[in-house]
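>>> let's see this in three dimensions:
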Amino acid sequence: MSDLFDREPAPPQPDAPRPLADRLRPKSLAEVIGQGKVLSPDGPLGAMLVSGSLSSLILWGPPGVGKTTIARLLAKETDLAFVQISAIFTGVPDLRKVFEAAKLRRANGQGTLLFVDEIHRFNKAQQDGFLPHMEDGTILLVGATTENPSFELNAALMSRAQVIVLDRLSLADLERLAQRAEHETGRALPLDGPAREALLEMADGDGRALLNLVEQVMAWKVKGPLDRDQLATRLMRRAAKYDKSGEEHYNLISALHKSVRGSDPDAALYWFARMLEGGEDPRFLARRITRMAVEDIGLADPQAQGICLEAWATYERLGSPEGELALAEALVYLALSPKSNAVYTAYKAARAAAKQTGSEPPPKHILNAPTKMMKEIGYGSGYQYDHDAEDGFSGQNYFPESMKRPVWYLPQERGFERELKKRTDYFSKLRAKRQGG
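Numbers count the residues shown, from 1 in each chain. Predicted coordinates for the structure are as follows:
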């Protein structure tokens, strides 16, 4: 079921009109739509209830998927007093009062389920304030957040609570919710099939948003079913959820990058468009596209990096929206380029070795000797000038003398790196021959 009610209203008068979302409030966990994987007997919450052992929880999911509803029903199922606060409106004095009231309940034999909405908005000290009351059993904490808990919550709090991931509602879930609304009102939505589907899409996985839209549509006085275009003229489409600094930002950029790595230009263009539609800065995308060229294409196609930089420069000259096409072209080029992370892998290995070997000096034969004393102690002694050597290659050792020669760069049999592999193999054989001789 969607998270239909973030804040429980005051009890209505018997004849007072009630919002549709309030009228459809689930009476039990069995009525909750869309979260079967966590509420089923084999799911994490279902298993806790079956065993009679409910622990503190962090409910993580997008808006309108059931966080508040589930918390309220968990309190009902376990006979705990339900107390709800919001991190936005609650300060330290308010928290003290909540904890004192919970202690009194506990002394009288009743536990407290404290539901904290937007828990990620509490600072570190405020989050730490919950810990002693969780540990001594004064409260059972259920926090709700739309942000990734691993980014926003303290490790100490995370170690004492189980994170439950709630999914956005599917179109099938939203259709079930719409049917419940029609049953409750005794009326069918005045929409034809495509318009009904469009209404569900407008909710963007948010059950509360869908019920608000349904209530609005139900209030229209229309003679016949509306089509998609007529619906669009009466409703403003709900903006897709996208936070340029939050979890959704990282999800979409990950999807974009992995679509390129997976050589799927259509998927890459889709996620690129999703980010632009969400208001992402094209310059951020230009930077990330260039990073893809050096990280995932590398020397399999040495032109890729230059194409990305040219696309970036073109965007700077043209601006939006025309310049975005240059970025899209670079994106498609990367998706269809041969892939290699050989240099990326070799670079990371070299960095790790540099940290491990510390201050090992270069071998003396490749050190400069600008003074007489340096020459006398062996600086530059035995250096072979490669241009004077056979094939322009001396085969000398350039690593610290105490270090066994590693092999980090392993070019792939793809794209231009096929040619580079021939070269590395050639020099490897020649080095073995020269050093052996």
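
>>> quick one, strands of the chain?
Along the chain, the segments classed as strands by DSSP state E run 57-60, 81-86, 112-117, 140-145, 162-165.

>>> what pairs with the fourth one, parallel or antiparallel?
Under the criterion DSSP bridges, strand 140-145 sits next to strand 57-60 (parallel), strand 112-117 (parallel) in its sheet.

>>> make a markdown table out of the strands of the chain and add mean pLDDT, distance to residue 176 and mean neighbour count.
C-beta coordinates here come from the backbone N, C-alpha and C atoms, glycine included. Shown next, in a markdown table, are these (pLDDT from 0 to 100; distance: least, C-beta to C-beta, whole Å; neighbours: other C-beta atoms under 10 Å):
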| stretch | mean pLDDT | distance to residue 176 | mean neighbour count |
| --- | --- | --- | --- |
| strand 57-60 | 94 | 21 | 26 |
| strand 81-86 | 94 | 26 | 16 |
| strand 112-117 | 95 | 25 | 25 |
| strand 140-145 | 95 | 23 | 25 |
| strand 162-165 | 92 | 21 | 16 |
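
>>> and the helices in the stretch 101-250 of the chain, which stretches?
With DSSP state H, counting those that start in this stretch applied, the stretch 101-250 of the chain shows helices at 124-128, 131-135, 149-152, 155-159, 171-185, 193-202, 207-218, 228-234, 247-261, listed in chain order.

>>> pick the most buried one from the ones you listed.
Each of the helices of the stretch 101-250 of the chain was scored by mean neighbour count; the highest is helix 207-218, a mean of 21, by mean count of other C-beta atoms under 10 Å.

>>> residue closest to the middle of the protein?
Centroid-nearest residue in the chain, with C-alpha atoms, centre = their mean: residue 251, separated by 3.4 Å.

>>> got a pLDDT number for that residue?
The model reports residue 251 with a pLDDT of 85.

>>> that one: what's it in contact with?
For residue 251, the contact set (C-beta atoms under 8 Å, 6 or more residues apart in numbering) is empty.

>>> can you list the weak-confidence ranges in this protein?
Across the chain, the ranges flagged by pLDDT under 70 are 1-16, 236-247, 436-437.

>>> which residues are in contact with stretch 43-54?
So stretch 43-54 is contacted by 29, 36-41, 55, 57, 70, 74, 77-78, 140, 162, 164 (C-beta under 8 Å, 6+ apart).

>>> ok, 7 Å please
Contacts of stretch 43-54 with the rest of the structure, by C-beta atoms under 7 Å, 6 or more residues apart in numbering, involve 37, 38, 39, 40, 41, 55, 74, 77, 78, 140, 162, 164.

>>> now distance to residue 347 too, for the residues you listed, in JSON lines please.
Listed next are these as JSON lines, based on distance: C-beta to C-beta, whole Å:
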{"residue": "37", "distance to residue 347": "41"}
{"residue": "38", "distance to residue 347": "42"}
{"residue": "39", "distance to residue 347": "47"}
{"residue": "40", "distance to residue 347": "47"}
{"residue": "41", "distance to residue 347": "50"}
{"residue": "55", "distance to residue 347": "44"}
{"residue": "74", "distance to residue 347": "49"}
{"residue": "77", "distance to residue 347": "54"}
{"residue": "78", "distance to residue 347": "54"}
{"residue": "140", "distance to residue 347": "49"}
{"residue": "162", "distance to residue 347": "39"}
{"residue": "164", "distance to residue 347": "39"}
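
>>> a markdown table for the strands of the chain, including distance to residue 126?
Shown next, in a markdown table, are the strands of the chain (distance: least, C-beta to C-beta, whole Å):
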| stretch | distance to residue 126 |
| --- | --- |
| strand 57-60 | 15 |
| strand 81-86 | 11 |
| strand 112-117 | 10 |
| strand 140-145 | 12 |
| strand 162-165 | 19 |
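
>>> related to what we said a few turns ago, which one of the helices of the stretch 101-250 of the chain lies nearest to residue 102?
Comparing the helices of the stretch 101-250 of the chain by their distance to residue 102 (C-beta to C-beta), the top pick is helix 131-135, with 6.9 Å.

>>> now the closest one - C-alpha only, PDB.
Presented in PDB, the C-alpha positions along helix 131-135 are these (Å, rounded to 0.1, in the frame of the first residue of the first chain):
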ATOM      1  CA  LEU A 131      20.700   5.100  21.300                       C
ATOM      2  CA  PRO A 132      20.300   4.700  25.100                       C
ATOM      3  CA  HIS A 133      16.500   4.600  24.900                       C
ATOM      4  CA  MET A 134      16.700   1.900  22.200                       C
ATOM      5  CA  GLU A 135      19.200  -0.100  24.200                       C
END
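
>>> so what secondary structure elements neighbour it?
Packing partners of helix 131-135 (3 or more C-beta pairs under 7 Å, 6 or more residues apart in numbering; DSSP states H and E): none among the helices and strands.

>>> now find how far off-centre that helix is within its chain.
Put simply, helix 131-135 sits 30 Å off its chain's centre (C-alpha atoms, centre = their mean, to the nearest Å).

>>> picking up where we left off before, nearest to residue 383 among the contacts of stretch 43-54?
Within these, the smallest distance to residue 383 is 63.5 Å, found for residue 162 (C-beta to C-beta).

>>> show me what contacts the closest one?
44, 55, 57.

>>> please name the bridge partners of it.
residue 57.

>>> go ahead and confirm residue 199 touches residue 191.
Yes. Using C-beta atoms under 7 Å, residue 199 is in contact with residue 191, at 6.3 Å.

>>> what do those two both touch?
217, 231.

>>> quick one on the thing from earlier: quick one: closest of the helices of the stretch 101-250 of the chain to residue 87.
helix 124-128 (7.8 Å).
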